[in-house]
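K.L.:
Fold the stuff below for me.
(chains A and B)
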Amino acid sequence: MSAVVDQVRSGAFDEDLVLVERFLGGDRDSFEMLYSKYYEKVNAIARGVLIDADEAADAVQEIFTLVYRNLGRFDRRSKFSTWLFRVAVNRSIQEARHNRHKSRTVELSESLPAASDPAPEEIDPRVQTAMSELAPADRAILVLFYWDELSLQEIAESIGCNVNAAKTRLYRARERFRVLYERCPE
Amino acid sequence: MKRIAPDVERLMWMVAEGRDPKAIADFENRFPDLRYELSKRISMVSQLRSAGRSLPTQAIPRFVPSYASARPARAKGMYVVLAAVLGALAFGSYAAVSLMNPSRPRPIQPPEAVRQDRPQSPYAGVRFRTTPPSLVPREAPSEPSQQPPIAENPAPPADPLDRLVTLKGDGVPLQSVIDMLCRQAQLKCEITPGLPNPELADVDYPGVPAGQVLADLGQKNGFTAIPQEKGTILIIPARAAGSQGTGGWDGAGSTESDPSKPSPIIRGQ
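P.N.:
Numbering: from 1, shown residues only, chains lettered A, B, ... in the order given. Predicted structure coming up:
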């Protein structure tokens, strides 16, 4: 709890720390709350990097298992969410490299329930194609920026570099995406 | 398409991602030939963002940690296995090295009195003033019977001064001779300052007790060898009063040699 108090004093309060401390104190429900809170964002990272829905679902479970097992090692130098996204990005990229041989031509929208969400024609297939042709690391950074809408600072902490490096990587990934995207027929 | 300047490129991306109509209009006014390029990027960013929002919002599955129950034991088990493997590797390496090098490093033994097969000087590390003469027998030893029966002595005497040494050379500095003698007899030698260091002519002591050699050398060159604690001698540059060069060694200090031991071959004899 001292970490929480210190953060409140410094003005950089991370409300997730309360749940983290409770979980480390033995309250399992606190982890469930963190899980529910960040499931969608972690799922977005996994989907963006892995493309395949099933692989992404497996990866999400592995990511949260990793967090569950290693939460005691969270050093609180960053926000919990940043640390979580870092785990998610690394694990997803790892998984993507491992599954490189598998086909990536899976529709992003394949599991769309018919009654909800935008009509399929609103989803640009060129995005799917271009994303599938990008390297996992490029996909990850685009997902963090455009899907999870993290700031450059948060992205930098998530991928383990400084802000300038994160900016450079983002720009390069975006440029590579643009070239692939414009190459696809409309 | 003409290459776009980096700063304009950066500005275009900022405008495309910001989607501020005023910023878009401003850009199009400043760079009219980049209007189409800007519109493409605005569309691309929009589609990219939409793809993320279009992901199905499915029900969140229940979280079940895969290894929660086994984690501590598994981690500990892994460490135990790792420690065992490392220990086995270490023992195996040690055993392999021991097998490859069965002999232990031998303690420094005085060289055998008869150097029959030594082509080079044993005093390789000793500096000589002039051309270093060899202190080993110059003549190729022919018959083992011509050599003193030192080699037949298996164990050196307990008292280093009784150990047999073989010294032979010409034009060798005195201190080098003493040094070699001490090495052969495993004596520790302390030489006080002032000891002269003449070059000795015709040094020839084949298998003679070290004490006897010292006495003889002392008599000829004006020093006394005084035994200290076991295994140590002190060389002082003067003869003891009344001594004939023995300086405290109770062995044969005169030219009368012990009939049981071979006598030194002195020049002219």
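K.L.:
Need the nearest residue in space to the closest residue to chain A within the stretch 51-200 of chain B, chain neighbours excluded.
P.N.:
Residue of the stretch 51-200 of chain B nearest chain A, by C-beta to the nearest C-beta: B:G52 (3.0 Å). Glycine gets a C-beta too; all of them are placed from N, C-alpha and C. Leaving aside its chain neighbours, B:G52 sits nearest to A:W147 (3.0 Å; criterion: C-beta to C-beta, 6 or more residues apart in numbering or on different chains).
K.L.:
in the stretch 51-200 of chain B, which ranges drop under the pLDDT threshold?
P.N.:
B:54-58, B:66-77, B:102-156, B:193 (pLDDT under 70).
K.L.:
Now do the strands in it.
P.N.:
B:164-169, B:172-173, B:188-191, B:199-200 (DSSP state E, counting those that start in this stretch).
K.L.:
Secondary structure element holding residue 47?
P.N.:
Answering for chain A, as no chain was given. helix A:28-50 (DSSP states H and E).
K.L.:
other chain: chain B
P.N.:
Judged by DSSP H and E, B:Q47 forms part of helix B:35-53.
K.L.:
Repeat that for B:P206.
P.N.:
According to DSSP H and E, B:P206 maps onto strand B:203-209.
K.L.:
who does that strand pair up with?
P.N.:
Strand B:203-209 has its sheet partners listed here by DSSP bridges as strand B:164-169 (antiparallel).
K.L.:
ranges for the helices of chain A?
P.N.:
When assigned using DSSP state H, the helices of chain A occupy the ranges A:2-10, A:16-24, A:28-50, A:53-70, A:80-98, A:125-133, A:136-142, A:152-159, A:163-183.
K.L.:
does the longest one come close to chain B?
P.N.:
It stands for helix A:28-50. Yes. Residues of helix A:28-50 contacting chain B under C-beta under 8 Å from any C-beta of the partner chain: A:F31, A:E32, A:Y35, A:S36, A:Y39, A:E40, A:N43, A:A44, A:R47, A:G48.
K.L.:
Do I have it right that the fourth one meets B:R62?
P.N.:
No. A:S36 is beyond contact range of B:R62, at 10.1 Å (criterion: C-beta atoms under 8 Å).
K.L.:
More neighbours: these two, which one.
P.N.:
Legend: neighbour count by other C-beta atoms under 10 Å in any protein chain shown for A:S36 and B:R62, higher for A:S36 (11 against 7).
K.L.:
Can you tell me how far that one is from A:E182?
P.N.:
39 Å (C-beta to C-beta, to the nearest Å).
K.L.:
again, but for A:T82
P.N.:
For A:T82, the distance to A:E182 - C-beta to C-beta - is 33 Å.
K.L.:
hey, which helix or strand in chain A has the poorest pLDDT?
P.N.:
helix A:2-10 (a mean of 56; mean pLDDT, DSSP states H and E).
K.L.:
Next, the contact list for residue 24, please.
P.N.:
Using chain A. A:L71, A:G72 (C-beta atoms under 8 Å, 6 or more residues apart in numbering or on different chains).
K.L.:
try chain B instead
P.N.:
So B:I24 contacts B:V15, B:L38, B:I42 (C-beta under 8 Å, 6+ apart).
K.L.:
Any idea how many residues pack against the second one?
P.N.:
What that stands for is B:L38. Count around B:L38 with other C-beta under 10 Å applied: 18.
K.L.:
list the contacts for it?
P.N.:
B:M12, B:V15, B:A16, B:I24, B:F27, B:E28, B:F31.
K.L.:
Swap in 6 Å and give it another go.
P.N.:
B:M12 (C-beta atoms under 6 Å, 6 or more residues apart in numbering or on different chains).
K.L.:
One more: the last one?
P.N.:
Contacts of B:I42 were listed using C-beta under 6 Å, 6+ apart, and they are B:A16.
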